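Student: Predicted structure and sequence below. I'll ask about it afterward.
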Amino acid sequence: MRIARFRTDRGSGWGFVDGDTVRPVVRGPGLLDALGDLDTLRELEQESSDPIPIGESELLAPVPDPPQFLGIGLNYRAHAAESGAPVPTSPVSFPFYNSSIAGPGDPILLPPFTDEVDWEVELAVVIGKPARDVAVEDALDYVAGYVIVNDLSARDIQMSEGQWSRAKSFDTFKPMGPWITTADELGDAGDLDIELWVNGVLKQSSSTSDLIFNVPQLVSHMSQSLTLGAGAVISTGTPSGVGFARTPPEYLRPGDVITLEIEGIGRLTNPVEAG
């Protein structure tokens, strides 16, 4: 099933995507409280109200305030190669700031102090219940579902500071959406097509089969050092085709439109504007 947060002129809420409509939840727990229980989600879906056309609502970021929002770097073999980096022997992790989260259709604002903002399509994992010291073989029991994240990065700042969180966490730099596709549909998400276009031109095209560390490995690894809360988001890294690795390098400019697509989830589109 697909779970979305949305807003209409009558208010905001969450519900279940059915074709081109969303069926609002009318009672029961909030989204994060329900995520970890598939039976509860199915009951709420059965009891949801009349559908609202998606075109008559505004889709919001599915998880606007995760207890942890984590990135994984250099996690596709081809991307590590185009970056001139060795294949990591352990996941390269870092935090994003929640204030960077944007929703589907929200403008990406380019700060005036950088002209090297790059795109990165990423599969992100949404945790359904608290996870601590999880074994790899049990990790999928803690995965509620998956979303798309655009891991926008100010490359000049990323490279000059020696750490990555700030350069990847400016306001609007983490569009997320368009909804959560539950793990019962996608399993470990280990062989999904993943693509990104800028102004209709294909820039990234790969498969999650190129991941160095897969979803169960990442969930297990991160749970060894911290307790992942319900609603925690782990963005699993980007495939090859990023702008800084091109000849000559390519970066985003005001007026651009970025579209990301991951098989089994959907499409996430955002315009680019001057900040």
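Tutor: Received it, and whenever you're ready, just let me know what you need.
Student: which residues touch the helix or strand of the chain with the lowest mean pLDDT?
Tutor: None of the helices or strands of the chain scores lower by mean pLDDT, DSSP states H and E than helix 77-82, at a mean of 88. Applying Cβ atoms under 8 Å, 6 or more residues apart in numbering, the contact partners of helix 77-82 are 74, 86-88, 206, 210, 212, 237-242, 245. Where C-beta positions appear, they are placed from N, C-alpha and C, glycine not excepted.
Student: now the helices for this protein?
Tutor: 31-34, 38-46, 77-82, 155-161, 183-186, 215-223 (DSSP state H).
Student: which of the residues in the fifth one are buried?
Tutor: If I follow you right, that is helix 183-186. For helix 183-186, a neighbour-count test (16 or more other Cβ atoms under 10 Å) marks 183, 186 as buried.
Student: any idea how far that helix is from the chain center?
Tutor: Distance of helix 183-186 from the chain centroid (Cα atoms, centre = their mean, to the nearest Å) equals 16 Å.
Student: Give the other helices and strands that that helix contacts.
Tutor: strand 143-150 (3 or more Cβ pairs under 8 Å, 6 or more residues apart in numbering; DSSP states H and E).
Student: partners of the strand it packs on in the sheet?
Tutor: Under the criterion DSSP bridges, strand 143-150 sits next to strand 121-127 (antiparallel), strand 174-182 (antiparallel) in its sheet.
Student: Now do it against helix 38-46: the angle between them, please.
Tutor: 70 degrees (axes from the mean of the first three to the mean of the last three Cα atoms, to 10 degrees).
Student: which residues does the residue positioned nearest the centre of the chain bridge with?
Tutor: By Cα atoms, centre = their mean, the chain has its centre lying nearest to residue 149, at 2.6 Å. Residue 149 forms beta bridges with residue 122, residue 176, as assigned by DSSP bridges.
Student: quick one: it from residue 228, how far?
Tutor: Relative to residue 228, residue 149 is positioned 16 Å away (Cβ to Cβ, to the nearest Å).
Student: burial measure for residue 50, as a count.
Tutor: By other Cβ atoms under 10 Å, the residues close to residue 50 number 8.
Student: Can you check the pLDDT for the nearest residue to it once chain neighbours are set aside?
Tutor: Using Cβ to Cβ, 6 or more residues apart in numbering and skipping the chain neighbours, the partner closest in space to residue 50 is residue 23 (7.3 Å). For residue 23, the pLDDT comes out at 95.
Student: Also the one 10 residues further on?
Tutor: We note a pLDDT of 91 for residue 33 in this prediction.
Student: which residues touch the closest residue to it other than its chain neighbours?
Tutor: Leaving aside its sequence neighbours, residue 33 sits nearest to residue 230 (Cβ to Cβ, 6+ apart; 7.4 Å). Contacts for residue 230 (Cβ under 8 Å, 6+ apart) come out as 32-33, 35-36, 67, 127-130, 144.
Student: try 7 Å this time
Tutor: By Cβ atoms under 7 Å, 6 or more residues apart in numbering, residue 230 lies in contact with 32, 35-36, 127-130.
Student: What about the residues you listed, which are in strands?
Tutor: Taking DSSP state E, the ones among those that sit in strands are residue 127.
Student: From the contacts of residue 230, pick the one nearest residue 169.
Tutor: residue 127 (19.8 Å; Cβ to Cβ).
Student: quick one: the closest residue in space to that closest one that isn't next to it in sequence and residue 123, what's the gap?
Tutor: Using Cβ to Cβ, 6+ apart and skipping residues adjacent in sequence, the residue nearest residue 127 is residue 232, 4.1 Å away. As for residue 232, its distance to residue 123 is 15 Å (criterion: Cβ to Cβ).
Student: what's the answer for residue 114, then?
Tutor: For residue 114 relative to residue 123 (Cβ to Cβ), the value is 26 Å.
Student: which of the two has more neighbours?
Tutor: Applying other Cβ under 10 Å to residue 114 and residue 123 shows that residue 123 carries more neighbours, namely 26 against 17.
Student: Which pLDDT value does the model give the more buried one?
Tutor: pLDDT, residue 123: 98.
Student: Now the phi/psi pair for the residue nearest to it when sequence neighbours are not counted, please.
Tutor: Excluding the flanking residues, the one nearest residue 123 by Cβ to Cβ, 6+ apart is residue 236, at 5.0 Å. Dihedral angles of residue 236 (phi, psi; degrees, to the nearest 10) stand at phi -90, psi 10.
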